[in-house]
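Novice: Provided below are the primary sequence and the corresponding predicted coordinates.
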Number of protein chains: 2
Amino acid sequence: MSSSGKPPITIYELATHLGVSTATVSSVLANRHVERRIAEKTAKRIREAALELGYVPNMAGRRLRSHKASTRQFDLAIFTSFEAPLPLVGQALHALQRAVDVQTTTHTRYSVAIEMFHAGRLAEKPGLLEADRYHGVMITNTLHEDDAFLAQAKLPYPVVVLGRSIAGYCCVLEAPDLVGRHAVELLLGAGGQHLTVLRGRSLTHTTSNRLAAFKHTARELTGHEPIELVSEGLQPSQGAAAIDAHLAGGGKVDGLFSVTDSLTIGAYQTLKRRGYAVPDDVAVVGVGDNELAEYFDPPLTTVAGANDAMVAEAVPLLFRYLRGEKGIPQEVLTTPPVLVRASTLRRRAGQSDRGEG
Amino acid sequence: MSSSGKPPITIYELATHLGVSTATVSSVLANRHVERRIAEKTAKRIREAALELGYVPNMAGRRLRSHKASTRQFDLAIFTSFEAPLPLVGQALHALQRAVDVQTTTHTRYSVAIEMFHAGRLAEKPGLLEADRYHGVMITNTLHEDDAFLAQAKLPYPVVVLGRSIAGYCCVLEAPDLVGRHAVELLLGAGGQHLTVLRGRSLTHTTSNRLAAFKHTARELTGHEPIELVSEGLQPSQGAAAIDAHLAGGGKVDGLFSVTDSLTIGAYQTLKRRGYAVPDDVAVVGVGDNELAEYFDPPLTTVAGANDAMVAEAVPLLFRYLRGEKGIPQEVLTTPPVLVRASTLRRRAGQSDRGEG
DNA sequence: GTGAAAGCGCTAACAT
DNA sequence: ATGTTAGCGCTTTCAC
């Protein structure tokens, strides 16, 4: 209530309002009024006025004044979309934090934060274009709109972009086309004929490349277009629904690639419920963006998910920026690892005739 | 290199070092030198000196100076341990961000960050005791040592603690004992006799309560002590290893409760590999801290995991603090939801005689 | 028991 | 093409 409508207020205004000095207000607000021997009555008046007028301390002012001059502070952040799954972010955060733990000295302190924006609306994030908050950031989980915004805006501080290529920024991403290609090859190798790709409605740079490469390679190697299933979102239930609708409509599936593992989880559920065995009836390939892929039943073959590799590249790049180095690469490609697990290891030869729903 | 050993340097020092004014330095460093018509040569000298002397801008100074006086900024954070799984944090972050999105006005801006500390070493986190960084924080995933530290330190800004009770703080946590009790009841209901509890080596407030309540209730209802399996860590592989060792040694299991779902994932793997069927040979109960519990095979019955409920309580509490309200509850208990799924729904009657390894 | 004043590091308006 | 200066909001000596 008090802290909303009105414009913000400073201790100076509090002080004049009450007819006391800013020093008095400050000490009371910092709970130092005892050692300053402020009258309890005055302290009470000050606290009440602060509440009533909706006083909110200005942290920049506080920090500027009270920080030891001998401490250099680096404020780092990871920007990620609100809607994205957290694993990549978690890894990035861990890697950054680990790097920072090593670099911390008496004179140099670091803080690492995660900041979230709404997917596709990065441009609306306040303070993004000001250079007064972070010394450096990593950005990930952007959508096309965000990438377009970044390309045109050029943030005024060091940035390393994860998982997509944006002109003017240092970007770390998986080598293009490999993921989609490997997926097709694995599915064909497992005897798949009705190659199917499952993806969410909105695509990122990465997922759209995976999709395109899959379709292109499938066309090239099988001579016909693969089936493309689009789920409403990235929740398992939405993946389950997409497959279910396809099968219910008489569609066939014997080789499935999903560009996001949470969709695979839903697909597994639907397939099992409808009596399809993985991998014998349907071979499945995922991308490894769920850290539990190995524990799926059956364990999921994955063709990407080099998050740790990407992050391992990105963190040193950010530090090179912070150090002011020149000649930092604009694009670093990591090779996505292929992890073959049971979901593409067909036990019996020949392909099944399942799939007529 | 340049930014390490030496004490930090300001634009003032840069300026005197170069024989120019601070304004010149500032404008060059902010890339405003074009509109200020600084000689390219001077700009170059300044940039080089900044690099060489390891200049790092002081963000507090920048913000203080350049922020619009009409903007009130709230800096909020979630503190979590580095080692903890991210789901709870993710939910907390989402809930906070959502609350913040609603509250944002022209005059009031919010920023939400995640900050990590190393489990058990919260006390070492620099700046924790200073009130010059955050207006309010939520703390979660602490260990005993951290709780002890917090209880004795009393942070000088609004704090809401998630998932544990610490004297002197506003805490939101699941109602005690219910989780362990429900787990026992469900396992017994599914025909379990050799009640077993699986937990990681280090316990939090929450997991130790779950464990204690489980053991106590099991004793009460069965007349004997349940089996307690301790895994080295919380990784699925470590859970798998713990169960495997037990079974390899001739131990029996027909009713398993795991105080952390990632351990359940590993347990599922071992049980399947050794030919035990869930739930027919072994009923399993988890706690719902993995958002995919519903997609496990079979879907996992859970007796806790009201993360969203906890967070839903915690966020408004934090805002009440920020508003300066009095009489904020010190302890809010949420009722953990029981979600019965296939992992405790035994299809055939009677209990199996499996379990001799 | 309280006030006055200096100044943290930085930027921007106004001077040349 | 660059220097001077006035603060941003706050805490902390020092003075009374």
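Specialist: Sure, I can see it.

Novice: surely residue A:271 is in contact with residue A:280?
Specialist: No: using CB atoms under 8 Å, residue A:271 makes no contact with residue A:280, being 11.0 Å away. All C-beta spots, glycine's among them, are computed from the backbone N, C-alpha and C.

Novice: list the buried residues for stretch A:241-261?
Specialist: A:241-244, A:246-247, A:251-261 (16 or more other CB atoms under 10 Å in any protein chain shown).

Novice: next one: that stretch to chain centre, how far?
Specialist: Put simply, stretch A:241-261 sits 26 Å off its chain's centre (CA atoms, centre = their mean, to the nearest Å).

Novice: show the average pLDDT along that stretch.
Specialist: The average of the pLDDT scores along stretch A:241-261 is 96.

Novice: span of it from start to end?
Specialist: End-to-end span of stretch A:241-261 (CA to CA, to the nearest Å): 15 Å.

Novice: that one near chain B anywhere?
Specialist: No: on the criterion CB under 8 Å from any CB of the partner chain, stretch A:241-261 is out of touch with chain B, staying 10.3 Å away.

Novice: Three-state assignment for the nearest residue to residue A:175 once chain neighbours are set aside, please.
Specialist: Once flanking residues are discounted, residue A:175 sits nearest to residue A:333: 4.3 Å by CB to CB, 6 or more residues apart in numbering or on different chains. Counting by DSSP: H, G, I helix; E, B strand; the rest coil, the backbone at residue A:333 sits in strand.

Novice: which residues touch stretch A:112-121?
Specialist: A:75-84, A:89, A:93, A:96-97, A:100, A:124-125, A:137, A:141-146, A:202, B:77, B:93, B:97, B:101, B:111-116 (CB atoms under 8 Å, 6 or more residues apart in numbering or on different chains).

Novice: what subset of the residues you listed is buried?
Specialist: A:75-84, A:89, A:93, A:96-97, A:100, A:125, A:137, A:141-143, A:146, A:202, B:77, B:93, B:97, B:111-116.

Novice: quick one: contacts for the closest residue to residue A:7 other than its chain neighbours?
Specialist: Excluding the flanking residues, the one nearest residue A:7 by CB to CB, 6+ apart is residue B:70, at 5.1 Å. Contacts here follow CB under 8 Å, 6+ apart; on that basis residue B:70 touches A:7-8, B:106-107.

Novice: what's downstream of the helix or strand of chain A with the lowest mean pLDDT, the next helix or strand?
Specialist: Among the helical and strand segments of chain A, the one scoring lowest on mean pLDDT, DSSP states H and E is helix A:87-103, with a mean of 85. Moving toward the C-terminus from helix A:87-103, the next helix or strand (DSSP states H and E) is strand A:108-117.

Novice: I'd like the mean pLDDT over that following strand, please.
Specialist: On average, strand A:108-117 scores 88.

Novice: where does chain A get nearest to chain B, residue-wise?
Specialist: Distance from chain B to each residue of chain A (CB to the nearest CB) is smallest for residue A:113, at 3.3 Å.

Novice: how near is that residue to residue B:58?
Specialist: In this view, residue A:113 and residue B:58 are 17 Å apart by CB to CB, to the nearest Å.

Novice: which SS state does the residue of the stretch 101-250 of chain A found nearest DNA strand D fall under?
Specialist: Closest residue of the stretch 101-250 of chain A to DNA strand D, CB to the nearest atom of the strand: residue A:132 (10.6 Å). Following three-state DSSP, the label given to residue A:132 is coil.

Novice: in this structure it contacts residue B:67, no?
Specialist: Yes: using CB under 8 Å, residue A:132 is in contact with residue B:67, at 7.1 Å.

Novice: residues touching the closest residue to residue A:129 other than its chain neighbours, list them.
Specialist: Among residues not flanking residue A:129 along the chain, residue A:153 sits closest, at 6.4 Å (CB to CB, 6+ apart). Contact analysis of residue A:153 by CB under 8 Å, 6+ apart lists A:123, A:128-129.

Novice: list just the nearest of those to residue A:218.
Specialist: For the contacts of residue A:153, the closest approach to residue A:218 (CB to CB) belongs to residue A:123, at 35.7 Å.

Novice: not counting sequence-adjacent ones, nearest residue to that closest one?
Specialist: The nearest residue in space to residue A:123 (CB to CB, 6+ apart) is residue A:149, at 4.3 Å.
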